[in-house]
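Visitor: Task: produce atomic coordinates for the following.
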Amino acid sequence: MGLYIMKNFVVYPNNMKLKTKDHKFKLMFTHKTTFEDMHDPHFNMYIFKFRTYEQLSNPQEFDNTELFDVIGEIVSYEDIQSIKQDDSIRMFMNIEIQDYASNNISATLWGDFIEQVKPHLNGSNDKPVVVVTQLIRAHPYREQYSVRNTWHASKLWINSNLPQVVDFCSRYKLQVKVMDCTGTISLLLWDKDATKIIGKSANYLKDVVFEDSTKDNELIDVANTPAKIGITNPASVVEEDSNAQLSGYKIKRVFKKKKIA
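Guide: Here you go, the predicted model:
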């Protein structure tokens, strides 16, 4: 990601079959075109144009000739497959990604994207694999659209420190306090664990606002959630440690973390 000054270019109508931007004009390089790096801390470096999953489920809402960006967690994936096209063999992998509202969309990764994502899928069992795909295209799939990368324009970020990824991941973490007759313990739960134990996702709990609450730490009623029956082996949720001394703890109360404005 960089900022550049470009000189001596030509302006043409943007009538490409696949458009990287929806602007009616595009800039073309010539043999006289020059560009150089620059640094401006005040320049807006927001480079993404994310499509919502709802838009992709309603194809009438967008122009499918325009390339776009998506962000989400990989929640499932298939084995690598191959297909013969002309005289070459092309490899691809089907995955499913999910947004913070638990909406899913199918995606197909081609070429180098497969090699980039494989180590994360094989080695990450304790945290989400969050991807940002830039300049990808839509493809008709079962009356909806799936997404896929292009060969030259698309770019992939995996568990990066981009502000958009940091914000996305923060929705999947929940700080909880578990209490029993001997004391309390604070735990950091990922979204799937929060849903399993408390019965509600981390993102939902963070977005809940108690209008009639006057307390900083509002108690969440767990009477009708999985938490009411306790946890037979909480250590399997918190850490895979056979010596952990958490076995037998039962959740009494779950505190809602104060909403950050």
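Visitor: then the one helix or strand I74 maps to to CSV, C-alphas only?
Guide: Assigned by DSSP states H and E, I74 falls within strand 68-77. Output of strand 68-77 as CSV, limited to C-alpha atoms (Å, rounded to 0.1, in the frame of the first residue of the first chain):
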residue,chain,number,x,y,z
PHE,A,68,-15.0,-4.9,-5.5
ASP,A,69,-13.8,-5.9,-2.0
VAL,A,70,-15.1,-8.1,0.7
ILE,A,71,-14.0,-8.9,4.3
GLY,A,72,-14.9,-12.0,6.4
GLU,A,73,-13.9,-15.0,8.4
ILE,A,74,-13.3,-18.3,6.6
VAL,A,75,-15.7,-20.7,8.3
SER,A,76,-15.3,-23.7,6.0
TYR,A,77,-13.3,-24.9,3.0
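Visitor: which parts of it are buried?
Guide: Across strand 68-77, burial judged by 16 or more other C-beta atoms under 10 Å covers 68-74, 77. For glycine as for every other residue, the C-beta is placed from the backbone atoms N, C-alpha and C.
Visitor: what's the answer for stretch 25-44, then?
Guide: K26.
Visitor: now do the same end-to-end measure for it.
Guide: 21 Å (C-alpha to C-alpha, to the nearest Å).
Visitor: same deal with stretch 151-158?
Guide: 18 Å.
Visitor: Need the residues that contact that stretch.
Guide: Contacts to stretch 151-158, defined as C-beta atoms under 8 Å, 6 or more residues apart in numbering, come from residues 18, 20, 67, 110-111, 113, 116-117, 120, 129-136, 149, 165.
Visitor: same question, stretch 82-90
Guide: With C-beta under 8 Å, 6+ apart, stretch 82-90 has contacts from 91-92, 110-111.
Visitor: Try it again at 10 Å.
Guide: 81, 91-92, 110-111, 151 (C-beta atoms under 10 Å, 6 or more residues apart in numbering).
Visitor: F43 and I5 touch, don't they?
Guide: No - between F43 and I5 there is no contact under C-beta atoms under 10 Å: 11.2 Å.
Visitor: What backbone torsions are found at L121?
Guide: Per-residue torsions, L121: phi -70, psi -40 (degrees, to the nearest 10).
Visitor: out of everything not next to it in sequence, what's closest to it?
Guide: Y77 (5.8 Å; C-beta to C-beta, 6 or more residues apart in numbering).
Visitor: measure that neighbour to D69 for me?
Guide: As judged by C-beta to C-beta, to the nearest Å, Y77 and D69 stand 20 Å apart.
Visitor: and if you look at D37?
Guide: Applying C-beta to C-beta to D37 and D69 gives a distance of 23 Å.
Visitor: Kindly report the same for V75.
Guide: Distance of V75 to D69, given as C-beta to C-beta: 19 Å.
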